[in-house]
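In: Output the structure for:
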Amino acid sequence: MPPPIPVDLQPHTPAWSDAAAREAQRLAEALGPQLIAVHHIGSTAIAGLLAKPILDMIPEVRALAAFDACQAILAHLGYEWWGEYGMPGRRYATLTDGATGQRCIQLHVFETGSPHIVRHLAFRDYLRSHPAKAREYETVKLRSREQHPYDSHAYSEAKSDWVRLTEAEAIAFYRTR
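Out: Numbering: from 1, shown residues only. Coordinates of the predicted model:
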């Protein structure tokens with residue numbers, strides 16, 4: 001399990017989308033046909049929203065069993081493999097910036113058809129389409145950081161109830177589009 005890190009919320013920058021696109025290309029070249037798509041999710045994918053400067057990405061793969069054989073490829077790219085990391089049907093890996101020692105990317109790998117892919121994309125797209133809800137989320141994030149400035153795990157848990165409730169709205173929104 002990766003250790004908790006301090007919660008550093010920063011203003012959004014378009015550089016995050018550019019970095020996500022570059023990493024998606026790097027993953028596509030390394031993983032080949034096993035990879036279906038790479039989705040940029042999380043707060044760094046929502047313009048105008050404060051975010052930890054860590055890219056969350058979903059590599060969508062054909063089969064998790066086959067993807068498990070790609071651990072060495074991810075390690076060669078610099079990722080640390082954490083397995084399911086508390087969520088059946090997911091593979092989690094993190095990338096740390098060698099220059100700064102800071103975590104910079106989190107991969108949440110799911111098999112195509114996983115409802116977790118829809119859940120994450122719906123949440124992202126809902127906040128992109130509902131600026132007032134995005135501002136509300138930012139308020140929740142700031143309050144959670146005030147409560148847990150040095151523990152990213154506790155920070156995530158502190159905002160989890162709001163996220164779960166909003167996810168239900170987001171999925172309904174996503175399915176009607």
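
In: mind listing the helices for the protein?
Out: 15-31, 64-67, 71-76, 115-129, 131-147, 152-176 (DSSP state H).

In: Pairing partners for the longest strand along the chain, with directions?
Out: Longest strand in the chain, counting residues (DSSP state E): strand 103-111. Neighbouring strands of strand 103-111 in its sheet, by DSSP bridges, are strand 55-61 (parallel), strand 90-96 (antiparallel).

In: pLDDT on it, on average?
Out: Averaging pLDDT along strand 103-111 gives 97.

In: per-residue confidence at Pro2?
Out: We have a pLDDT of 82 for Pro2.

In: What is the neighbour count of it?
Out: Around Pro2 there are 15 other residues, counting by other C-beta atoms under 10 Å. All C-beta atoms are positioned from the backbone trio N, CA, C, and that covers glycine.

In: first to last residue in stretch 68-80, what's the distance?
Out: Stretch 68-80 has an end-to-end distance of 13 Å (C-alpha to C-alpha, to the nearest Å).

In: Which residues does it contact?
Out: Residues from elsewhere that reach stretch 68-80, judged by C-beta atoms under 8 Å, 6 or more residues apart in numbering: 2, 26-27, 30-31, 34, 81, 91, 93-96, 98, 105, 107.

In: Okay, buried residues for that stretch please.
Out: Cys70, Leu74, Leu77, Tyr79 (16 or more other C-beta atoms under 10 Å).

In: What's the separation between the second one and Leu95?
Out: Using C-beta to C-beta, to the nearest Å, one gets 9 Å for the distance from Leu74 to Leu95.

In: Mutual contacts of those two, please.
Out: Any residue near both Leu74 and Leu95 by C-beta under 8 Å, 6+ apart counts here, and that gives Leu107.

In: returning to what we had before: could you single out the nearest of the buried residues of stretch 68-80 to Ser43?
Out: When those are compared for distance to Ser43 (C-beta to C-beta), Tyr79 comes out closest, at 20.8 Å.

In: partner residues bridging that closest one?
Out: Beta-bridge partners, per DSSP bridges, of Tyr79: Leu95.

In: which residues are contacting the longest strand of the chain?
Out: 2, 5, 23, 27, 41, 53-64, 67, 74, 79, 89-97, 116-117, 120.

In: Can you name the residues that contact the most centrally placed residue in the chain?
Out: Geometric centre of the chain, nearest residue: Asp56, 2.5 Å, by C-alpha atoms, centre = their mean. Contacts for Asp56 (C-beta under 8 Å, 6+ apart) come out as His40, Ile41, Gly42, Ser43, Thr44, Ala45, Ile105, Gln106, His108.
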